[in-house]
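1. Next one to model:
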Amino acid sequence: MATGRLDEEGADGNVHRADCSGLLVYTRDGHMAVQVMYRDPQAHQSGSAQYAQGGYEASFGRYEIDERAHNFTFHVEGALVRSLIGKDLTRVFELSGNQMTVKAANPTALAWLLAQKPWIVPIPGTTKLHRLEENLGAVAVELTPDDLREIDAAASKITIQGARYPEDQEKLTGR
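-> Below is the predicted model of the structure:
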């Protein structure tokens, strides 16, 4: 049995410990369930409101852990908020002793970009220190050649539509 903590972004844009109690249940065979009650449902209308209804969050499904990236993907099979059903929610976690902290960040996209060429330097825009810290987490993500091939294969199936810029602005780029 371990204790847990949920960090979330508040209305002020800062990450803080969620004022809630509940259960995150993980089974050895890959199932999980979430039952969370927020102490002040009115104050909780921002942040993770897309996951809760009336201050209550409930969902279940399967999960997969990527220990190397310190994240897990929750495949939602059922939820109080119906729009979550069928979604894959990737969450970063930290373990400290017997406590797990769940976060919403996923630095894999930046890690992929860093792996493309040594001279590519991503510049993600942010005005919040905690977002910068999340982005810096991409440096710790080590993508294997198999990971990169899998990402490239998935990306190659995406059909790009439209131009990068409207035609009149494209002329200004000198291309």
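2. centre of the chain versus stretch 50-61, how much separation?
-> What separates the centre of stretch 50-61 from the centre of its chain is 17 Å, taken as Cα atoms, centre = their mean, to the nearest Å.
3. Equivalent analysis for stretch 92-109, please.
-> Centroid separation for stretch 92-109 versus its chain: 10 Å, with Cα atoms, centre = their mean.
4. Dump it to PDB, restricted to CA.
-> The C-alpha trace of stretch 92-109 is given here as PDB (Å, rounded to 0.1, in the frame of the first residue of the first chain):
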ATOM      1  CA  VAL A  92       4.200  11.400 -15.500                       C
ATOM      2  CA  PHE A  93       4.800  10.000 -12.000                       C
ATOM      3  CA  GLU A  94       7.400  10.300  -9.300                       C
ATOM      4  CA  LEU A  95       8.100   7.700  -6.600                       C
ATOM      5  CA  SER A  96       9.600   8.800  -3.300                       C
ATOM      6  CA  GLY A  97       9.600   6.000  -0.700                       C
ATOM      7  CA  ASN A  98       6.100   4.700  -0.600                       C
ATOM      8  CA  GLN A  99       4.500   7.900  -2.100                       C
ATOM      9  CA  MET A 100       3.600   8.400  -5.700                       C
ATOM     10  CA  THR A 101       3.000  11.800  -7.200                       C
ATOM     11  CA  VAL A 102       1.000  11.900 -10.500                       C
ATOM     12  CA  LYS A 103       1.500  14.800 -12.800                       C
ATOM     13  CA  ALA A 104       0.000  15.700 -16.200                       C
ATOM     14  CA  ALA A 105       3.200  16.500 -18.100                       C
ATOM     15  CA  ASN A 106       4.500  14.400 -21.000                       C
ATOM     16  CA  PRO A 107       7.900  15.600 -22.400                       C
ATOM     17  CA  THR A 108       8.000  12.900 -25.100                       C
ATOM     18  CA  ALA A 109       7.300  15.200 -28.000                       C
END
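5. doesn't residue 64 make contact with residue 26?
-> No - assessed by Cβ atoms under 8 Å, residue 26 is found out of contact with residue 64, at 11.3 Å. Using the backbone N, CA and C atoms, a C-beta is placed for each residue, glycine as well.
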